[in-house]
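Asker: Predicted model and sequence follow; I will ask about them next.
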Amino acid sequence: MRRFVLLPLLATLIIPGVALAQSAPNPPPAMQGSTGTPPSPPSGAPGQWGHGHMAMEQKMHDRFNAANTTHDGHLTLAQATAAGLKPVVKHFAEIDTAKRGYVTFNEVQAWHMDEMAKRLEKKAAELRAAG
């Protein structure tokens, strides 16, 4: 008889503790604003917190998905042309390094980052030369 009483009583004590243990912890006080929420980025500095880059990446992903009419994650040259993705069309052969006849979003993004790196390296060399 005691087992039948102890088991439900024990369960009512343990279950709330398990539920509390699974909830997300609050960020440390140093990361919280005055309202107890994480601080928002300062206005006029979208890139400082990475929001500008994330928005650009989301926009690129949305355009890729809209152009990918077969929704298979593979963008063909014809799909890129029809969607007006001029940089992808112009550099399709460079992006499609495996020569499969299609590119994935990650390949387009990797190519884009490589191009940005080349421009930054060129600018850095110009600054060093002016230096």
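Answerer: Received, thanks.

Asker: By residue count, what's the longest helix in the chain?
Answerer: helix 105-130 (DSSP state H).

Asker: Can you name every helix or strand that it contacts?
Answerer: Contact here means 3 or more CB pairs under 8 Å, 6 or more residues apart in numbering; DSSP states H and E; on that basis helix 105-130 packs against helix 51-67, helix 92-95. (C-beta placed from N, C-alpha, C; glycine too.)

Asker: Mean neighbour count, distance to residue 78 and mean pLDDT added to the ones you listed, as a markdown table?
Answerer: What follows is the helices and strands packed on helix 105-130, written out as a markdown table (neighbours: other CB atoms under 10 Å; distance: least, CB to CB, whole Å; pLDDT from 0 to 100):
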| stretch | mean neighbour count | distance to residue 78 | mean pLDDT |
| --- | --- | --- | --- |
| helix 51-67 | 13 | 10 | 88 |
| helix 92-95 | 16 | 10 | 96 |
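
Asker: Select, out of those helices, the one closest to residue 130.
Answerer: Checking these against residue 130 by CB to CB gives helix 51-67 as the closest, at 27.3 Å.

Asker: Check which element follows that closest one along the chain.
Answerer: Next helix or strand after helix 51-67 toward the C-terminus (DSSP states H and E): strand 75-76.

Asker: Show me what that following strand is packed up against.
Answerer: strand 102-103.

Asker: tell me the average confidence for the strand it packs on?
Answerer: For strand 102-103, mean pLDDT rounds to 97.

Asker: any residues touching that strand, and which ones?
Answerer: 74, 75, 76, 80, 88, 92, 95, 96 (CB atoms under 8 Å, 6 or more residues apart in numbering).
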